[in-house]
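Peer 1: Give me the fold of what follows.
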Amino acid sequence: MKRRLYMLKAALAAFAVVLQAYAPLAAEAAQNVGVKVVAVISNEEALGKLVQPSGLFFDEGKKRLYIADSGGKRIVSTNQEYRFLAEFTNPAMSLPVQIVKAASGLFYVVDASKGALLAVDTKLDIVKPVEIKPAQPGRDVFVPGRIAIGKDEKLYVIDKLNKRILVSDAQGAGSRAIVVKDEAGLYGFNDVRVDADNNVYALDAVGARVYVFDASGAEIASFGGRTDKTTLMRFPVSLAVSRTGLIYVADRHAGAVLVYDRTGQLQYAISQKGEREGELSSPTYIMIDEAQRIYVIDNNRIQVFKEAKL
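Peer 2: Below is the predicted model of the structure:
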């Protein structure tokens, strides 16, 4: 009993040290960056109750936000004021956890219950699987994780069991793999993003590390790791990239968004642990649109932040 009490006190003391480290960063963000909450999307009457929203995509052309509401088994769309527009359901789509939209108007959805990537035509009410055939077979079968779409309309899909990212066209053809040469410290990828130059950013949540690859798939940078205390990452679960090249990492255990440059230097933090508006209880997903609005899924709500550098 004494040993357990000692261990609990030690854990609480360590957690307090981490909180003290985040506090000045959050204060600096509020003072020098000017972060504010511009919207909270949760349970609008027309929208209905969000049940485990898991993925987001903002259509810059139509100015619409699309939400993969996994618990509700649906895709939800809102206007740029985040008012409900429509929802899409289909028996062939049972657990949508991730969503992107191509210029063709087709959606690509990762269905976690099926372990499949789906092409969704909401106008014709058609849902069909997209079969990606890796150029080089993996050790295990292909199970899709999170997905991104580039300016070149290529799909970037995490191959969960084989610790790589597959890049293919919209039909799943012509795939190539992005891999880490030294897999010794790699647990697997949990999130992926692509910038305007087709540089690829990937996150290893368990390893607490961010990887950056160029358009050819060559690794050009990485930072973090369980032994690196300077990044302050505890359990990073999602990442996004701003048009200025900053990397935003949502850390679930810290209840914060940590902002880095490409070298891994921590710039500041956004928000802090909590349940109130502007605070983050357990963030799971982050996205940034071209207007630099930062979307963070936090339990069953989506908070939208905006920075205004002073």
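Peer 1: Following the chain past the helix or strand bottoming out on mean pLDDT in the chain, name the next helix or strand.
Peer 2: Every helix and strand of the chain was ranked by mean pLDDT, DSSP states H and E. The lowest is helix 2-28, at a mean of 43. For helix 2-28, the succeeding helix or strand toward the C-terminus, using DSSP states H and E, is strand 35-41.
Peer 1: My read is that Ile286 contacts Arg252, right?
Peer 2: No - taking CB atoms under 8 Å as the definition, Ile286 is not a contact partner of Arg252, at 10.8 Å. Any C-beta I mention is one placed from the backbone N, CA and C, and that applies to glycine too.
Peer 1: quick one: which of those two has more around it?
Peer 2: A direct count of neighbours by other CB atoms under 10 Å for Ile286 and Arg252 places Ile286 higher, at 25 against 18.
Peer 1: Can you name the helix or strand that Tyr211 falls in?
Peer 2: Applying DSSP H and E, one finds Tyr211 within strand 209-213.
Peer 1: Name the residues of that strand that come out as buried.
Peer 2: For strand 209-213, burial by neighbour count (16 or more other CB atoms under 10 Å) applies to Arg209, Val210, Tyr211, Val212, Phe213.
Peer 1: Could you work out the most separated pair of these?
Peer 2: Comparing all pairs in the buried residues of strand 209-213 by CB to CB, the longest separation belongs to Arg209 and Phe213, at 13.2 Å.
Peer 1: returning to what we had before: redo the buried residues of strand 209-213 as a markdown table? Include pLDDT.
Peer 2: Shown next, in a markdown table, are these (pLDDT from 0 to 100):
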| residue | pLDDT |
| --- | --- |
| Arg209 | 96 |
| Val210 | 97 |
| Tyr211 | 97 |
| Val212 | 97 |
| Phe213 | 97 |
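Peer 1: ok, of the residues you listed, which one's closest to Tyr248?
Peer 2: Nearest to Tyr248 out of the buried residues of strand 209-213 is Val210 (CB to CB; 10.5 Å).
Peer 1: That closest one bridge partners, please.
Peer 2: Leu203, Phe223 (DSSP bridges).
Peer 1: could you point out where this structure is predicted with low confidence?
Peer 2: Under the criterion pLDDT under 70, the flagged ranges of the chain are 1-33, 45, 309-310.
Peer 1: how about the helices in the stretch 51-200 of the chain?
Peer 2: Counting by DSSP state H, counting those that start in this stretch, one finds no helices in the stretch 51-200 of the chain.
Peer 1: Report the contact partners of the residue lying closest to Leu186 once chain neighbours are set aside.
Peer 2: Of all residues not flanking Leu186 in the chain, Val180 sits nearest, at 5.1 Å (CB to CB, 6 or more residues apart in numbering). Val180 makes contacts with Lys163, Leu186, Tyr211, Glu219, Ser222, as judged by CB atoms under 8 Å, 6 or more residues apart in numbering.
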